[in-house]
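Enquirer: sequence unknown, structure follows:
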C-alpha cells in the first residue's frame with residue numbers, strides 16, 4: 001500500500017470515528033477517478049470488516065442547501081458501494097428509501113434503486129428478506 005492509499009484509509013477511519021465521514025468524502029478531488037475508485041473499495045472493505053458503518057453514515061445524509069456536504073456527490077459513494085456491502089437488508093432498505101426521498105424531484109432520485117437490486121441479487125435470501133421487511137409496513141413501502 002503506497003502513502004496515498006494509507007492516507008486515504010487513515011482519513012476514512014479517522015473521519016468515521018469523528019462522525020465526519022460524509023464531509024471527508026466530499027472534500028476529495030472529484031477529478032481523480034483512481035482515487036475515488038480506491039476510496040469506494042476502502043469503504044466496502046472497511047464496512048464489511050466492521051470498521052465503519054456505511055449504511056448508518058448515509059442515513060445521516062441530508063439534501064439541504066446550507067449543508068456542508070453536497071448530497072449528490074456523497075450519495076455517489078453509497079451508490080457505487082452498495083452492491084458489495086455485507087449488511088442486513090432492513091437497514092439498507094431504510095437507507096435506500098431515505099436517499100431516494102431526500103433527492104426530491106431530481107431526475108437522479110432513483111439512481112440508488114439499481115444498486116439495491118444488485119445488492120439483493122448477491123445473496124439469495126436478500127430478496128425474501130426485502131419482501132418480508134416491506135410486508136411489515138406495506139403502507140410505507
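Expert: Good, I have the coordinates. Fair warning: this is a prediction, and the values are worked out from it, not measured in the lab.

Enquirer: tell me which residue is most central in this structure.
Expert: The residue lying closest to the centre of the chain (C-alpha atoms, centre = their mean) is residue 78, at 2.5 Å.

Enquirer: for that residue, list the residues it contacts.
Expert: Residues near residue 78 by C-beta atoms under 8 Å, 6 or more residues apart in numbering: 54, 58, 61, 95, 99, 112. Bear in mind the C-beta positions are built from the backbone N, C-alpha and C, glycine included.

Enquirer: let's see that with 7 Å instead.
Expert: By C-beta atoms under 7 Å, 6 or more residues apart in numbering, the residues touching residue 78 are 54, 58, 99, 112.

Enquirer: grab the nearest non-local neighbour of the third one.
Expert: Of all residues not flanking residue 99 in the chain, residue 112 sits nearest, at 5.1 Å (C-beta to C-beta, 6 or more residues apart in numbering).
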